[in-house]
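[1] what's the 3D shape of this:
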Amino acid sequence: MNEIQILLVEDNEGDILLTLEAFKELKVNNSVVVVRDGAEAIEFLKSEGQFAGTKLPHLILLDINMPRLNGIEVLDFIKKDEKLKRIPVVMLTTSSSESDISECYEKSANCFITKPLDFGSFLGVVKSIESFWFNVAQLPRPAA
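    Alright, predicted model coming up:
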């Protein structure tokens with residue numbers, strides 16, 4: 001697999017910038033598409049509206065607390081859809097709530113990570129995501 005396509009679903013501009021900066025600093029061969037709420041994520045994944053003709057990502061980084069549709073609702077949509085359910089979803093959120101963690105795994109999240117507050121620790125988290133999902137795990141090819 002040459003370039004990893006990542007969908008980042010995040011409404012916080014600061015977290016978006018941190019995530020993009022961390023991937024840039026790690027020099028990961030990837031393409032990151034950012035959508036800013038759950039409804040936009042579903043539109044992207046269905047290749048509708050402004051996202052008509054887009055390809056499915058190899059990996060989804062999904063926040064929980066977002067406007068319109070929250071990350072748990074988006075996760076539920078993804079994992080119930082035959083075309084989308086095999087895309088790995090990493091919940092990358094500020095939440096450390098036991099109920100959020102449980103609900104995400106019940107809805108088949110592949111991983112739950114609580115975002116650290118400082119950039120150095122956040123870089124470490126992104127590095128671990130990069131190391132595992134891009135170097136250790138075998139990602140499925142996106143469905144056509």
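
[2] from residue 86, how far out is residue 71?
    Counting by CB to CB, to the nearest Å, the separation of residue 71 from residue 86 is 19 Å. Every C-beta, even on glycine, is put in place using the N, C-alpha and C of the backbone.

[3] ignore the last one, residue 73
    Separation of residue 73 from residue 86 (CB to CB): 19 Å.

[4] by mean pLDDT, which helix or strand of the chain comes out lowest?
    The least trusted helix or strand in the chain, going by mean pLDDT, DSSP states H and E, turns out to be helix 13-26, with a mean of 86.

[5] any idea which element residue 34 lies in?
    Applying DSSP states H and E as the criterion places residue 34 in strand 30-35.

[6] brain fart, residue 122
    With DSSP H and E as criterion, residue 122 is part of helix 119-129.

[7] average pLDDT for that helix, rounded please.
    Taken as a whole, helix 119-129 has an average pLDDT of 89.

[8] now the angle from that helix to helix 13-26?
    60 degrees (axes from the mean of the first three to the mean of the last three CA atoms, to 10 degrees).

[9] other SSEs contacting helix 119-129?
    The contact analysis (3 or more CB pairs under 8 Å, 6 or more residues apart in numbering; DSSP states H and E) places helix 119-129 against helix 13-26, strand 89-93.

[10] buried set for that helix?
    Residues of helix 119-129 classed as buried: 122-123, 125-126, 129 (neighbour count, 16 or more other CB atoms under 10 Å).

[11] please, which helix or strand holds the residue most central in space within the chain?
    By CA atoms, centre = their mean, the chain has its centre lying nearest to residue 61, at 1.2 Å. In the assignment (DSSP H and E), residue 61 maps to strand 59-62.

[12] after that strand, heading C-terminal, what element do we hit next?
    Per DSSP H and E, the first helix or strand lying C-terminal to strand 59-62 is helix 71-80.

[13] and the pLDDT for the residue nearest to residue 87 when sequence neighbours are not counted?
    Ranked by CB to CB, 6 or more residues apart in numbering and with sequence neighbours excluded, the top spatial neighbour of residue 87 is residue 60, at 5.8 Å. We have a pLDDT of 97 for residue 60.

[14] residue 60 reaches residue 92, doesn't it?
    No. With contact defined as CB atoms under 8 Å, residue 60 does not count as touching residue 92 (9.5 Å).
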